[in-house]
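Engineer: Have a look at this prediction, sequence included:
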Amino acid sequence: MFEEAADGAHKLLWASTSINQAGKEIEPFSSDREGDTLHIYVPRSLQLTDTLGNLIVLLSAKVQKCIVHSCTAGWSEIQWTTQQEKNFLGIVSALHGVPESFATTTSPIDLMRVSIWITACNSALSIPGGVKDAQGVSLPTSIGGAQSASKYMSKAFASLRAGTSDETTLGAISTLEKLLKLWIKQVREESLDLIKKQKISWGLVLRQGSQTETKKIKGKDVTQIVNAVKPSRSPWLSNKERQALSKLYSEAWSAPEVMRKAWVELPSQDQHANYHQVIAALKKHNEKLNQVSSNIHAKLGHRKKWIYAAVKEKDAEPKSKKDKSNPFAWSAEFFKLNTQDIRWNVASIFSPSHYLPTEDAKENDIYSQFYDVDANVTGAELARPEGMDSNVYELWKEWADRFAPNFDQIRFRKTKAEQVSFSDENPFAVLGLLRVDQVD
């Protein structure tokens, strides 16, 4: 594997020789730094079977800021173990060209090759100011049991040093490490191109653009995505309301899935270029979902005390101990009751205008239909206002069927004094008019 590369490197070597400084004994394959330039001293007695020596020559020919000198000292290479030979061959493999991906086998040769290129990619990304169109999230964070590629390389070089106590050989290993670091900096453009060829999984984007929480599971910290709770999951809804709310907000809650499908179809270069913009858009959307979820659930929560009071008033409490602590069970009993005689202040809390955003509820468009009717209005009498979402219309119909409001009697234009007071000690005393002869 070394012969062709070494032959080419020797041509450069002997064209770049210089005379040793008088009276100074220079160790073979030792090195000196002079500014950004590395001076390497290569013995004339190098054999093609010398693995470490030829690898240094090969790298010397590839590193631009390197001057090679000849030295008269002899070189006798030690016998390397199979593992150490594979580490050397992994370096040679990395020098042969840019890989297509970071996929790797368990072979030490393959692991060393990929580790070198991952380290080169991380080095390329660390330039001052950063790189806008290449994202390091596509790089593996661990390899071969090590926590990072650079740590795997450090471990490999430590194993090389552990194989000898000879100072000359240790100096040569240090020279190889210096050369490899210079070469890694030199292949910055190739590394950035390699990064941009790698697809970025939607899972990575989703975690960056979503709210997360860390939980300890089986002694380990696990970070999980926290999704906004859909309004339809509130326990204080009738079945018809739950279905209508689910449909009303299905598009908003399924938007991340639409974004995912668009993302996976993007070429890898476009994924890297648009990574931060997509994360920003996802964060903004999730913030909106959280706001909608929080507001609607809070308003729907106002129903709780009235539902519990009504069910208790009619001795319709859930029977089992388990159901008594289940709000869904209490709601199920409440929506079996006849609620058409409940006073306006209570009924209004169950209306869509109470929990939906104003632009969605279109309160005035619906209420105008009640004003001139001297009767209890149910869903059958309600016409769908122009521009109203069909699901919002279903919510209003459900509310009218439940409470059959008569605006002529309740005088819709209520004052602040007529509003519900949540501090009343017995706010549901008027529910004595409720009947249980009608079921949901």
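Structural biologist: Great, that's in hand. Numbers count the residues shown, from 1 in each chain.

Engineer: Skipping adjacent residues, who's closest to Ala347 in space?
Structural biologist: Closest residue to Ala347 in three dimensions, ignoring its sequence neighbours and counting by CB to CB, 6 or more residues apart in numbering: Phe403, at 4.1 Å. The way it works is simple: take the backbone N, C-alpha and C, and place the C-beta from them, glycine included.

Engineer: Give me the neighbour count for the one you found.
Structural biologist: 22 (other CB atoms under 10 Å).

Engineer: ok, now how distant is it from Ile56?
Structural biologist: Counting by CB to CB, to the nearest Å, the gap between Phe403 and Ile56 amounts to 88 Å.

Engineer: Sketch out the low-pLDDT regions of the chain for me.
Structural biologist: Counting by pLDDT under 70, the chain has low-confidence residues at 1-24, 372-374, 408-440.

Engineer: Select the longest helix from it.
Structural biologist: Among the elements of the chain assigned as helix by DSSP state H, the one spanning the most residues is helix 268-300.

Engineer: Show me how far that helix is from its chain's centre.
Structural biologist: 12 Å (CA atoms, centre = their mean, to the nearest Å).

Engineer: just stretch 222-238 next, same as before
Structural biologist: Centre to centre, stretch against its chain (CA atoms, centre = their mean), the figure for stretch 222-238 is 19 Å.

Engineer: That one: which residues count as buried?
Structural biologist: 228, 230-232, 234-238 (16 or more other CB atoms under 10 Å).

Engineer: can you check stretch 287-304 too?
Structural biologist: 289, 292-293, 296-297, 299-300, 303.

Engineer: Outside of that stretch itself, list whatever touches it.
Structural biologist: Under the criterion CB atoms under 8 Å, 6 or more residues apart in numbering, residues 211, 227-231, 234, 236-237, 249, 252-253, 327, 349-350, 354-357, 422 lie in contact with stretch 287-304.

Engineer: let's see it at 7 Å
Structural biologist: 228-229, 231, 234, 236-237, 252-253, 349-350, 354-355 (CB atoms under 7 Å, 6 or more residues apart in numbering).

Engineer: Let's see which of the residues you listed end up in strands.
Structural biologist: Judged by DSSP state E, the contacts of stretch 287-304 include no members of strands.

Engineer: could you redo these as a markdown table and give each row distance to Ser45?
Structural biologist: Shown next, in a markdown table, are the contacts of stretch 287-304 (distance: CB to CB, whole Å):
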| residue | distance to Ser45 |
| --- | --- |
| Ala228 | 72 |
| Val229 | 75 |
| Pro231 | 81 |
| Ser234 | 84 |
| Trp236 | 88 |
| Leu237 | 87 |
| Ala252 | 75 |
| Trp253 | 74 |
| Ile349 | 95 |
| Phe350 | 95 |
| His354 | 92 |
| Tyr355 | 88 |
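
Engineer: buried set for whichever helix or strand Met153 is part of?
Structural biologist: Assigned by DSSP states H and E, Met153 belongs to helix 149-162. Within helix 149-162, the residues that count as buried by 16+ other CB under 10 Å are 149-153, 156, 160.

Engineer: buried stuff in the helix or strand just after that helix?
Structural biologist: The helix or strand immediately downstream of helix 149-162 is helix 167-186, counting by DSSP H and E. Across helix 167-186, burial judged by 16+ other CB under 10 Å covers 168-169, 171-173, 175-184, 186.

Engineer: Which parts of the protein belong to which domain?
Structural biologist: Each structural domain of the chain that the record assigns through automatic domain parsing is listed here as a residue range: 3-196, 207-300, 304-433.

Engineer: Look at the nearest residue to Thr141 once chain neighbours are set aside and say how many residues are nearby.
Structural biologist: Among residues not flanking Thr141 along the chain, Ser148 sits closest, at 6.7 Å (CB to CB, 6+ apart). For Ser148, the neighbour count with other CB under 10 Å is 17.

Engineer: swap in Gln64?
Structural biologist: For Gln64, which is what you asked about, the neighbour count (other CB under 10 Å) is 9.

Engineer: still on that earlier bit, make sure the residue nearest to Ala347 is actually in contact with Gln340.
Structural biologist: Yes - contact criterion CB atoms under 7 Å: Phe403 and Gln340 qualify, at 6.0 Å.

Engineer: which ones are touching Gly387?
Structural biologist: With contact set as CB under 7 Å, 6+ apart, Gly387 has no partners.

Engineer: Check the buried residues of stretch 287-304 and tell me the two furthest apart.
Structural biologist: When these are compared pair by pair using CB to CB, the two farthest from each other are Leu289 and Arg303, 21.9 Å apart.

Engineer: List the contacts of stretch 229-242.
Structural biologist: Applying CB under 7 Å, 6+ apart, the external contacts of stretch 229-242 come out as 245-246, 249, 253, 293, 296-297, 300-301, 303-304, 307, 327-328, 331, 335, 394-395, 398, 440.

Engineer: how close does Arg113 get to Ala347?
Structural biologist: 73 Å.

Engineer: I figured Lys155 was touching Gly145, is that so?
Structural biologist: No - in this structure, Lys155 sits apart from Gly145 without contact. The criterion is CB under 7 Å, and the distance is 8.8 Å.

Engineer: what about Ile143, how many neighbours?
Structural biologist: Using other CB under 10 Å, Ile143 has 23 neighbouring residues.

Engineer: Quick one: the buried residues of stretch 287-304 as TSV, columns for distance to Ile78 too.
Structural biologist: What follows is these, written out as TSV (distance: CB to CB, whole Å):
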residue	distance to Ile78
Leu289	64
Val292	70
Ser293	67
Ile296	74
His297	71
Lys299	78
Leu300	77
Arg303	82
